[in-house]
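> Here is a sequence together with a model predicted from it:
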Amino acid sequence: MMRRIVSVWLIDWPVTVWRRSAMRARRPASPPDPALDPQNPFALILKNSRGAAVLHALNPAARRVGLRRGQIQADARAMIPHLICKPADIEADARALTALAVWAERWSPSVSVDPASEGLEGLFLDVTGAAHLFGGEAALLAQIRERLAEAGAPARVAMAPTVGAVWALARWGGREGHPPIADEKTARGLLAPLPVEALRIDDRTLTQARRFGLKRIGDLYPMPRAGLARRFRDGAGVGLVQRLDQALGFAGEALTPVRPPPKYRAWRTWMEPVEDIEGVEARLTELTADLSAPLLRDGQGAKALTLTGFRSDGGTTSLSVRMARPGRDAGIWLRLFREAGLGRLELGFGLDAMMLTADAVEAMTARQGTLESEAEAKQAESLAALIDRLTARLGEDCVLTPEPVDSWIPERAERWRPALGQPLSLPEADARRPILLLDPPEPVEAIAELPDGAPARFTWRRLSRRVTRADGPERLSPEWWRPRPDDRQVRTRDYYRVEDETGGRYWLFREGLYGREYSGDVQERAPSWWMHGVLP
């Protein structure tokens, strides 16, 4: 299949970004801004290496009066005193270009940013095998140009089998209102009359090419590649030959999408924008069914899904869900998106296209179980489904499960992690330890026989309790390689399980050892008692 690439040249892109930002920031009652009037010459300026302000981007009115990019601002003001200048924001332009590339995924799952300078910024869309979905190649180009114009981003578009050819045709080829479309047979002829700079060469190579009388791409066709490369100094000819071969398809050129294209996706568009959540849910039902079919055919299951809505105002909105186990049940997917909250989608003036993608896919294999474990298997599946729904509603950071950690210190012996996608088999509980620990341990006043006796009486939370039974000590050595946050000495702990006269059972510990970690000096901290948990 012949590769088909669309190049979108975003004419005056920095000016377009500035205008959209300024219009969003204006208040309804504010006076008219002369900079927003397309009849007034307008320019964005930047500082060059010498600190002088130069024209970075111009609107059509500024170009009509003879101004050009790279011109010193003072010289431009001398020519056009009423020129309006504003500072450029290159980082904002780049962010907006990336956001536009995501929005352009309505036409292709593989959209790349073309960060060319000198006002030639644009996008590349790989539409191989997809043009028929939009009524053909000409209809697709017309739709792209019209939708961008409606979003306030004037553009020129072209289609060709190579990146170099489509880039040149979008910027120098075709007639007004007739986007150029080239294939492997016609690309050579369509490129021939275009200027040499359409090959994306640098200024130094362009100057040397013009000095040799090479003004058109067709002038390079009859020249031998080796001789052409030797004519230029400092290896510039090698770059020229490489660009020519890339444009003609003799050398490959890779594109890097802004987002990795999904292997499985479902996409639909509508003539009238969807403006309410009920309409989104109805369309989502269709998308889940469309996405489930190819997964079932390939024996795959999705573990993560993303719903992307393409707004009519040129923005995008998305919502993602994840699952513990791969699946392809459209009903379960729809329920998870409801739990995640379809109301979180920012619809703006409505969605005219929606895309559902499978971000993580795994093979679904049948698992043979025993009759004895059938109930346990069903319980595990139900628990996994519950975790999926709770995670979709509350978020991954709110649905947690404990995980054992290699540490003798009880409060460090486990940690919490998201339950989604993790095995839920917990270690067997130790009957000698409480199920719940106090975090942090609470201080206790105790009376005990020195040096290692169990407490005979202790006061906790202002209540005095007399101990009738005690078991211990269970000595836990300190982790000396982990200093305390308050820089206090890390000490040994002696744990005791005690029962008071009312039948209450407690888990206490003494921090510090008499005679070893405390000698009675006034500068030392005496051992202390702490309540760490209540036993069942």
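Good, I have the coordinates.
> Show residues contacting stretch 85-105.
Residues outside stretch 85-105 that contact it (CB atoms under 8 Å, 6 or more residues apart in numbering) are 8, 10, 13-14, 17-18, 20-21, 35, 42-46, 53, 55-57, 73, 77, 111-113, 115, 121, 123, 125, 144, 153, 258-259, 308, 310-311, 314-316, 355. Glycine gets a C-beta too; all of them are placed from N, C-alpha and C.
> Apply 7 Å and report the result again.
13-14, 17-18, 35, 43-46, 56-57, 73, 111, 113, 121, 123, 125, 258-259, 310, 314-316, 355 (CB atoms under 7 Å, 6 or more residues apart in numbering).
> again, but for stretch 520-534
If you take CB under 7 Å, 6+ apart as the criterion, stretch 520-534 is touched by 410, 434, 436-438, 441-444, 446, 455, 458, 460, 506-514, 518.
> for the stretch 151-300 of the chain, what spans make up the strands?
Taking DSSP state E, counting those that start in this stretch as the criterion, the stretch 151-300 of the chain carries its strands at 155-160, 265-274, 300-311.
> err, the stretch 301-450 of the chain, not the other one
316-327, 351-363, 400-404, 414-418, 437-448.
> what pairs with the fourth one, and is each one parallel or antiparallel?
Applying DSSP bridges, strand 414-418 is found paired with strand 400-404 (antiparallel).
> mind saving the C-alpha coords of the strand it pairs with as CSV?
Extracted C-alpha coordinates of strand 400-404, given in CSV (Å, rounded to 0.1, in the frame of the first residue of the first chain):
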residue,chain,number,x,y,z
LEU,A,400,-5.3,0.8,48.5
THR,A,401,-4.2,-2.6,49.7
PRO,A,402,-1.4,-3.4,52.2
GLU,A,403,1.9,-4.9,51.0
PRO,A,404,4.4,-6.5,53.4
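> which residue packs closest to the most centrally placed residue in the chain, ignoring adjacent ones?
Centroid-nearest residue in the chain, with CA atoms, centre = their mean: R259, separated by 8.1 Å. Counting by CB to CB, 6 or more residues apart in numbering, the nearest residue to R259 once its immediate chain neighbours are dropped is V102, at 6.8 Å.
> Okay, angle between the strand or helix carrying that neighbour and strand 316-327 too, please.
Here V102, judged by DSSP states H and E, is contained in helix 90-103. If you take axes from the mean of the first three to the mean of the last three CA atoms, to 10 degrees, helix 90-103 sits at 50 degrees to strand 316-327.
> Quick check: buried residues in helix 90-103?
Within helix 90-103, the residues scored as buried using 16 or more other CB atoms under 10 Å are D93, A96, L97, T98, L100, A101, V102, W103.
> Count the neighbours of K303 for me.
The number of residues packed near K303 is 18, by other CB atoms under 10 Å.
> That one is in contact with P326, isn't it?
Yes. Assessed by CB atoms under 7 Å, K303 is found in contact with P326 at 5.0 Å.
> Once you drop chain neighbours, what's closest to A22?
Here the nearest residue to A22 in space, its sequence neighbours aside, is L36; by CB to CB, 6+ apart that works out to 6.2 Å.
> quick one: that neighbour from S407, how far?
As judged by CB to CB, to the nearest Å, L36 and S407 stand 63 Å apart.
> How about P294?
Taking CB to CB, one finds P294 at 47 Å from S407.
> I'd like the distance from stretch 437-454 to the chain centre, please.
51 Å (CA atoms, centre = their mean, to the nearest Å).
> which residues are contacting that stretch?
410-411, 455-460, 467, 470, 472-473, 494, 496, 498, 508, 514-515, 528-533.
> What does the pLDDT read for R147?
With respect to pLDDT, R147 scores 88.
> and it, how many neighbours?
As a burial measure, R147 scores 20 neighbours (other CB under 10 Å).
> E524 falls within a helix, correct?
No. Counting by DSSP: H, G, I helix; E, B strand; the rest coil, E524 is not found in a helix; it is coil.
> And for it, the neighbour number?
Neighbours of E524 under the rule other CB under 10 Å: 12.
> do V238 as well
15.
> count of neighbours near the closest residue to it other than its chain neighbours?
Excluding its sequence neighbours, the residue lying closest to V238 (CB to CB, 6+ apart) is A229, at 5.1 Å. By other CB under 10 Å, 17 other residues sit near A229.
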